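Enquirer: Quick one, fold the following:
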Amino acid sequence: GDSFDLHAWDTVKGSDFLADQDVVHRFVRAMPDEIRLLDHWGIPWTRDAQGRIDQRPFGGHSFPRATLAADKTGFFEMQTLYDTCTKYGGVTFYQEWFATSLVVEQGEFRGVTAIEMKTGELHPISAKAGIVATGGAGRLYSFATYGHGSTPDGLAMGYRAGVPLKDMEFVQFHPTVMYLGPDSRGQQPLISEAVRGEGAVLVDAAGNRFMEKYDPQLELACRDVVARAIDTELKKSGAESVFLDISHKPADFVRDRLPNLYERCLAVGIDMT
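Expert: Numbering: from 1, shown residues only. Predicted coordinates for the structure are as follows:
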């Protein structure tokens, strides 16, 4: 029921038509092969009753195309990639090293300087080519679900070396967190979109759903739409939070599909079932 064109349309529409459409088409055609490659490398994809890689709905998708490994997909992806890299002698990991600058001579990349954090020593590392995979800058904000390593120093390092930075105004605001009160800013864990993908609904303090006022895809609208809807509701009501309710689903279903989040919620006294 899915297609490359439908996936591309969802992506372009979800970007408010700002995405580079040639890049979008390239990505959607590449992704099935990447998913199969991860499968061959050993990622423990969740399987459906027929043994196929399972898929769930996600925001902005008109087809349930998000593959999953329970509710720890990103963790299992990183673990699988790391384990695969360790099989090859040509890959060296520098654990707990902190890059400080790109070395550029005569307009060409020559390497990096980095601090070995265990010793505090500064080292030069020469290289013929480099890819800066530094993540986003979400920790610029006092309240964020980003990992504490998502600081913009990597971007600044590139900027100082003359690397052009593109689309810096686009920061993703994720709609749902485990809200632990106004005094715990910066310590509120992400609640995955997988919860809404499995059927959770957003309600106000009185238990009323509100997403129908904002988008026909309801809780599975694009993240920016859901985040703005929540913000609008909070400003209208003056409440501290809205609520995410999945209690209408069978408890065994929730524990099976969202085991990590179920355990994390229990740890702070919330039984999400």
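Enquirer: for the stretch 1-150 of the chain, what spans make up the strands?
Expert: Listed in chain order, the strands of the stretch 1-150 of the chain (DSSP state E, counting those that start in this stretch) span residues 55-56, 66-67, 97-105, 108-116, 121-126.
Enquirer: Buried deepest among those strands, which one?
Expert: Comparing the strands of the stretch 1-150 of the chain by mean neighbour count (mean count of other CB atoms under 10 Å), strand 55-56 comes out on top with a mean of 20. Every residue, glycine included, has its C-beta placed from N, CA and C.
Enquirer: rewinding a little: want to throw the strands of the stretch 1-150 of the chain into CSV with mean pLDDT?
Expert: Compiled in CSV, the strands of the stretch 1-150 of the chain are given as follows (pLDDT from 0 to 100):
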stretch, mean pLDDT
strand 55-56, 89
strand 66-67, 91
strand 97-105, 94
strand 108-116, 96
strand 121-126, 97
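Enquirer: Restrict stretch 115-130 to CA atoms and write it as PDB.
Expert: Extracted in PDB, the C-alpha atoms of stretch 115-130 (Å, rounded to 0.1, in the frame of the first residue of the first chain):
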ATOM      1  CA  ILE A 115      41.600  16.700  23.600                       C
ATOM      2  CA  GLU A 116      42.000  13.200  25.200                       C
ATOM      3  CA  MET A 117      39.700  13.800  28.100                       C
ATOM      4  CA  LYS A 118      41.300  11.200  30.400                       C
ATOM      5  CA  THR A 119      44.700  13.000  30.300                       C
ATOM      6  CA  GLY A 120      43.800  16.500  29.200                       C
ATOM      7  CA  GLU A 121      46.400  16.300  26.400                       C
ATOM      8  CA  LEU A 122      45.800  18.100  23.100                       C
ATOM      9  CA  HIS A 123      46.500  15.900  20.000                       C
ATOM     10  CA  PRO A 124      46.600  16.700  16.300                       C
ATOM     11  CA  ILE A 125      45.000  14.100  14.000                       C
ATOM     12  CA  SER A 126      45.800  14.400  10.300                       C
ATOM     13  CA  ALA A 127      43.300  13.200   7.600                       C
ATOM     14  CA  LYS A 128      42.700  13.400   3.900                       C
ATOM     15  CA  ALA A 129      39.000  14.000   4.300                       C
ATOM     16  CA  GLY A 130      36.500  14.600   7.100                       C
END
